[in-house]
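> Just to be clear, the model below is a prediction. Sequence and coordinates:
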Amino acid sequence: MESKYWDPKIETMKLEELKKIQLKRLKEVIKRVYENNAVYHKLFKDAGLKPEEIKTLDDIKKVPFLTKDELRKYYPFGLVCVPMSEVVELHASSGTTGKPVVGTYTKYDLDVWSEVMARIMYTAGVRKEDRYQNSFGYGLFTGAHGFEKGAQKIGALVVPMSSGNTLRQLQLMKDFETTAIGCTPSYLAYMAEAAEKKGYDIEKDFKLKVGMCGAESWSDEMRKKIEDKWGISAFDNYGLTEIIGPGVSVECEEHDGLHINTDHFYVEIIDPKTGEVLEPGEKGELVFTTLTKEAFPSIRFRTKDLSILIEEECDCGRTLPRHVRILGRSDDMMKVRGVIVFPKQIEEAIMKIEGTSENYQIVKYKSGVMTRLKVRVEPEPVFKGDKNLLAKKIQQEIYGILNLTVDVDVVNIGDIPRSTGKAKRVVEE
Ligand SMILES: [Zn+2]
């Protein structure tokens, strides 16, 4: 019988055994970066740390954190730990808020990446028989390339579609009988809308079963909308250029947190204010250490993403620790009249109300010196009720979650710009 797990040994290994592997690899990577990279060497030296002082996993607390600012400071290749001639591929983030982060890979790094990608896609149900439409944007971004490597490692058929050109996506999805797709959740929702508009019968015309969604924050309510529209299971996954790209963690069929590939990525949760390491169950910032990467090891990288660690075994049988879905990026955090607001909380409120679509926008504006929020929402195409009443209900739901009154406008269908990649949910006016 086909195994439920891509790598049964690692995925169901006892935590104590896994920790032995982690410790061995941690010692190796700390020694490697100290000996081969001037920046890390100086960072460790300034912290008074010698590699041989790492004797237990707990000793990682002696290692200084790495921040996004530092990565920018050593742009582009300052943290590369191998001769550049060993580097065979690179990727970069968009760099919208400064210089991009450049990820470099040796041949071995690409093997690791393919392996962790295969593992996360297999966990979501992608198999050799599947036809996988890769609708993440190709280019410098990690997304499309990681998923392509993973799908091919499983042996699935890859359709390297990239993002955009939506009607062609749908035509080929039908013709090729695509069974799995990867893209941002907002784009998958938009594709369903475009399919309906074009007159497709989603149930009859398409064979889609699995959606690998990621690269943006999305709520469980949004997931439900996508799953209902397409008749699929949609799986959240997590990763970032600073660590490897996608491949860090993924949901299993239980949809109760994301399993972290902790044999390759050591995870900690810290208090974002003090840097103190927190226990499983406590909410804080995710920090990762790449245990096996050669070209660009990240040591205690602060992600700014808020989550909670779960160490208990999952009902799926996997022992790999989990983190809950990202609660919010500290970069996305807004402070409105003293209240901390994450866009995802507003999305959750909107989608709890019947009659709303997945098309919405949060407008940030200044009234005097105060920052205020306004929300624009499109109704479902079938919505026939009173728009003002719908707006009122959304406003009450947001108040219920945030204890904050936000103006809500129910706008006409088509008023909110659609996105084929990462949706721009928050705009400033
Ligand atoms: Zn599980």
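Thanks, I have the structure now.
> Verify the stated contact: E227 with S233.
Yes: using CB atoms under 8 Å, E227 makes contact with S233 at a distance of 6.4 Å. For glycine as for every other residue, the C-beta is placed from the backbone atoms N, C-alpha and C.
> The closest residue in space to E428 that isn't next to it in sequence pairs with what?
Excluding its sequence neighbours, the residue lying closest to E428 (CB to CB, 6 or more residues apart in numbering) is K364, at 4.8 Å. Beta-bridge partners recorded for K364 (DSSP bridges): L373, E428.
> which residues does K364 contact?
K364 sits next to M334, T371, R372, L373, V426, V427, E428, E429 when contact means CB atoms under 8 Å, 6 or more residues apart in numbering.
> Need the residues you listed in JSON lines (columns: neighbour count, distance to D386 and pLDDT).
Below are the contacts of K364 laid out as JSON lines (neighbours: other CB atoms under 10 Å; distance: CB to CB, whole Å; pLDDT from 0 to 100):
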{"residue": "M334", "neighbour count": "16", "distance to D386": "30", "pLDDT": "92"}
{"residue": "T371", "neighbour count": "15", "distance to D386": "30", "pLDDT": "90"}
{"residue": "R372", "neighbour count": "16", "distance to D386": "25", "pLDDT": "93"}
{"residue": "L373", "neighbour count": "23", "distance to D386": "23", "pLDDT": "95"}
{"residue": "V426", "neighbour count": "15", "distance to D386": "27", "pLDDT": "94"}
{"residue": "V427", "neighbour count": "13", "distance to D386": "26", "pLDDT": "94"}
{"residue": "E428", "neighbour count": "9", "distance to D386": "30", "pLDDT": "92"}
{"residue": "E429", "neighbour count": "7", "distance to D386": "26", "pLDDT": "90"}
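> Pull the contacting residues for the residue in the stretch 51-200 of the chain positioned nearest to the ion.
The minimum distance from the stretch 51-200 of the chain to the ion, using CB to the ion, falls at T123 (7.8 Å). Counting by CB under 8 Å, 6+ apart, T123 makes contact with Y5, W6, F235, V250, E251, C252, H259, R318.
> Okay, now the sheet partners of the one helix or strand the fourth one maps to, with direction.
V250 is part of strand 245-251, with elements assigned from DSSP states H and E. The partner list of strand 245-251 in its sheet, established with DSSP bridges, is strand 233-240 (antiparallel), strand 258-260 (antiparallel).
> So which bits of stretch 370-381 are buried?
R372, L373, V375, R376, V377, E378, P379 (16 or more other CB atoms under 10 Å).
> Determine which two of those residues are furthest apart.
R372 and P379 (23.5 Å; CB to CB).
> if we can go back for a sec, do you know which of the strands paired with strand 245-251 lies nearest the ion?
Per CB to the ion, nearest to the ion of the strands paired with strand 245-251: strand 258-260, 5.6 Å.
> Let me know the average pLDDT across the helix or strand just after the closest one.
Next in sequence after strand 258-260, counting helices and strands by DSSP H and E, comes strand 265-270. Mean per-residue pLDDT for strand 265-270: 98.
> Check stretch 19-33 too.
Averaged across stretch 19-33, the pLDDT comes to 98.
> Send me it as PDB with only the CA atoms.
Below are the C-alpha coordinates for stretch 19-33, written out as PDB (Å, rounded to 0.1, in the frame of the first residue of the first chain):
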ATOM      1  CA  LYS A  19      16.400  16.300  18.600                       C
ATOM      2  CA  LYS A  20      19.600  14.200  18.400                       C
ATOM      3  CA  ILE A  21      19.600  14.900  14.600                       C
ATOM      4  CA  GLN A  22      19.000  18.600  15.200                       C
ATOM      5  CA  LEU A  23      21.800  18.900  17.700                       C
ATOM      6  CA  LYS A  24      24.300  17.100  15.400                       C
ATOM      7  CA  ARG A  25      23.400  19.400  12.500                       C
ATOM      8  CA  LEU A  26      23.300  22.500  14.700                       C
ATOM      9  CA  LYS A  27      26.900  22.000  15.900                       C
ATOM     10  CA  GLU A  28      28.000  21.400  12.300                       C
ATOM     11  CA  VAL A  29      26.300  24.500  10.800                       C
ATOM     12  CA  ILE A  30      27.500  26.800  13.600                       C
ATOM     13  CA  LYS A  31      31.100  25.600  13.100                       C
ATOM     14  CA  ARG A  32      30.700  26.000   9.300                       C
ATOM     15  CA  VAL A  33      29.500  29.600   9.300                       C
END
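> Quick check, pLDDT for the residue lying closest to S249 once chain neighbours are set aside.
Once flanking residues are discounted, S249 sits nearest to L258: 3.8 Å by CB to CB, 6+ apart. L258 is assigned 98 on the pLDDT scale.
> With K422 instead?
Model confidence at K422, expressed as pLDDT, equals 88.
> ok, now which ones touch it?
Listed by CB under 8 Å, 6+ apart, the contact partners of K422 are T184, S186, A215, E216.
> go again using 10 Å as the cut-off
Neighbour list for K422: S94, G137, F141, G143, S163, T184, S186, Y187, A215, E216, S217 [criterion: CB atoms under 10 Å, 6 or more residues apart in numbering].
> are any of those buried, and which?
For the contacts of K422, a burial check counting by 16+ other CB under 10 Å picks out G137, F141, G143, S163, T184, S186, Y187, A215, E216, S217.
> want to throw those into a markdown table with pLDDT, distance to the ion and secondary structure?
Shown next, in a markdown table, are those (pLDDT from 0 to 100; distance: CB to the ion, whole Å; DSSP: H, G, I helix; E, B strand; the rest coil):
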| residue | pLDDT | distance to the ion | secondary structure |
| --- | --- | --- | --- |
| G137 | 95 | 29 | coil |
| F141 | 94 | 27 | coil |
| G143 | 96 | 23 | helix |
| S163 | 95 | 29 | coil |
| T184 | 96 | 23 | coil |
| S186 | 95 | 26 | helix |
| Y187 | 96 | 26 | helix |
| A215 | 88 | 22 | coil |
| E216 | 89 | 23 | coil |
| S217 | 88 | 21 | coil |
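> Adding distance to V408, write those residues out as JSON lines.
Output for the buried ones among the contacts of K422, formatted as JSON lines (distance: CB to CB, whole Å):
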{"residue": "G137", "distance to V408": "32"}
{"residue": "F141", "distance to V408": "33"}
{"residue": "G143", "distance to V408": "32"}
{"residue": "S163", "distance to V408": "30"}
{"residue": "T184", "distance to V408": "24"}
{"residue": "S186", "distance to V408": "20"}
{"residue": "Y187", "distance to V408": "25"}
{"residue": "A215", "distance to V408": "27"}
{"residue": "E216", "distance to V408": "22"}
{"residue": "S217", "distance to V408": "20"}
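> picking up where we left off before, so which of the contacts of T123 are also by the ion?
C252, R318 (CB under 5 Å from the ion).
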